[in-house]
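Asker: need a structure here:
(one chain, ligands or ions: 2)
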Amino acid sequence: MIIVMQENAPKQHALAVVHHVQELGLKPVLLEGTERNVIAVIGDERIMDMHVINSLDGVEKVMPVLAPFKLASKEHAKTKTAITVAPGVVVGGTQIAVMAGNCAVESLGTTLATAKAVQAAGAIIQRGGAFKPRSSPYSFQGLGEEGLLVLREAKKQTGMPIITEILDPRHVELVAEHADILQVGTRNMQNFELLRELGKVKKPVLLKRGMSATIEEFLMSAEYILASGNANVILCERGIRTYETATRNTLDISAIPVLKKMTHLPVIVDPSHAAGKRDYVGALAKAAIAAGADGLLLDVHPEPPKSLVDPDQALNFEQFTVLMVDIKKIAEAVGRTL
Ligand code: PEP
Ligand code: MN
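Answerer: Numbers count the residues shown, from 1 in each chain. Ligands and ions are numbered 1, 2, ... in the order given. Presented below is the predicted three-dimensional model:
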């Protein structure tokens, strides 16, 4: 970190900053200039609170040299992290990991039919929400524990690992018992207590980007899980809030290369929740793979209009199957497999 003092700041202000840095256990180097003083800080600056330094007398600006996240950064792990979800099922390897299924678990019949159809088309992980985060308290909230048991039964029949959402820190043990990947939804990206609890389990966590979160805030949330002891974090871009209303959210395609540059963690994309409309899901899914995403999370339903949650965005089996054929071609063009 470089701390630049104001032009007319007396030397004792610079010395007070030096003292503050020393007290934190870091090494300050005071560079006395003709115009102004500058203090270079040697050591892990992430333990310093930028706002505190900024508020010290005589400080003009503070320039961090390290990213505020550590375990999620490329400095921590130089090579890309690949996460093994189940034997032979990897997220972040050469194969594009497609996770597909119903938005919410509705019944064993629907779940099973969907799981078999998406598996036949090439998906390797089945999705389904048992606990649903709904904007309205009067909307269907999911089947809860019963939904987890339905997913488990489908897994028994297809062998496909399960991804499902965790909403409540009190449910971590329960969901981790049944799920292979625990999903943190966009509304919970900054539920730090939940993130800390998820750091205590060993199961992979799929962390969705908050709909109004910057990429740095997104990585700071991943850092909570990593710093609490769970190294298996998968990032998911799912669209952000913008002024645009033609789609539900705006898929931030640029987040894919930006994240790839900033972190070693796998990055997947959810075009279904980004678009909110099935007509656009395919184009966004293809763009995501072309841009370097490691996988996709897709809503699929046997009869989309009858889906209990998000009926506008689910693909039917045929649409999903056709999309998978297209994705395969794009995956191969960018050196991946499906
Ligand atoms: C979901 O994937 O079911 C979901 C609710 O997504 P998001 O958190 O991105 O809205
Ligand atoms: Mn949904």
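Asker: so which strand or helix has whichever residue of the stretch 151-300 of the chain sits closest to ligand 2?
Answerer: For the stretch 151-300 of the chain, the residue closest to ligand 2 is residue 273, as judged by C-beta to the ion, at 5.6 Å. Heads up, the C-betas are built off the backbone N, CA and C, glycines and all. For residue 273, the host element (DSSP states H and E) is helix 271-275.
Asker: Need the contact partners of that helix.
Answerer: For helix 271-275, the surrounding residues in contact (C-beta atoms under 8 Å, 6 or more residues apart in numbering) are 103, 186, 237-239, 247-251, 278, 280-282, 284-285, 288, 296-299, 310, 313-315.
Asker: so which of the residues you listed are also by ligand 2?
Answerer: Among those, the ones lying near ligand 2 by C-beta under 5 Å from the ion are 103, 310.
Asker: Looking at the contacts of helix 271-275, which are in helices?
Answerer: Secondary structure defined by DSSP state H assigns 278, 280-282, 284-285, 288 of these to helices.
Asker: now, which of the residues you listed sits nearest residue 31?
Answerer: In terms of C-beta to C-beta, no member of those lies closer to residue 31 than residue 288, at 45.9 Å.
Asker: out of everything not next to it in sequence, what's closest to that closest one?
Answerer: Using C-beta to C-beta, 6 or more residues apart in numbering and skipping residues adjacent in sequence, the residue nearest residue 288 is residue 269, 3.7 Å away.
Asker: Residue 7 and ligand 2, how far apart?
Answerer: Applying C-beta to the ion, to the nearest Å, the value for residue 7 to ligand 2 is 54 Å.
Asker: Sorry, wrong one. I was asking about residue 29.
Answerer: 52 Å.
Asker: check contacts around that residue.
Answerer: Counting by C-beta under 8 Å, 6+ apart, residue 29 has contacts 39-42.
Asker: of these, buried ones?
Answerer: Buried subset of the contacts of residue 29 (neighbour count, 16 or more other C-beta atoms under 10 Å): 39, 41.
Asker: Now, the contacts of residue 29 that are in strands?
Answerer: 39-42 (DSSP state E).
Asker: Tell me the helix or strand right after the longest strand seen in the chain.
Answerer: The longest strand of the chain (DSSP E) is strand 97-104. Using DSSP H and E, the helix or strand that follows strand 97-104 towards the C-terminus is helix 108-121.
Asker: touching ligand 1 at all, that next one?
Answerer: No: on the criterion C-beta under 6 Å from any ligand atom, helix 108-121 is out of touch with ligand 1, staying 13.9 Å away.
Asker: list the helices and strands that helix packs on?
Answerer: With contacts taken as 3 or more C-beta pairs under 8 Å, 6 or more residues apart in numbering; DSSP states H and E, helix 108-121 sits against strand 97-104, strand 125-129, helix 145-158, helix 317-333.
Asker: give me the residue from the chain nearest ligand 1.
Answerer: Nearest to ligand 1, among the residues of the chain, is residue 185, at 2.9 Å (C-beta to the nearest ligand atom).
Asker: list the contacts for that residue?
Answerer: 133, 165, 167, 208.
Asker: if we go to 10 Å?
Answerer: 129, 131-133, 165-167, 191, 206-208, 210-211, 236, 238, 273 (C-beta atoms under 10 Å, 6 or more residues apart in numbering).
Asker: confidence score at it?
Answerer: As summarised for this prediction, residue 185 has a pLDDT of 98.
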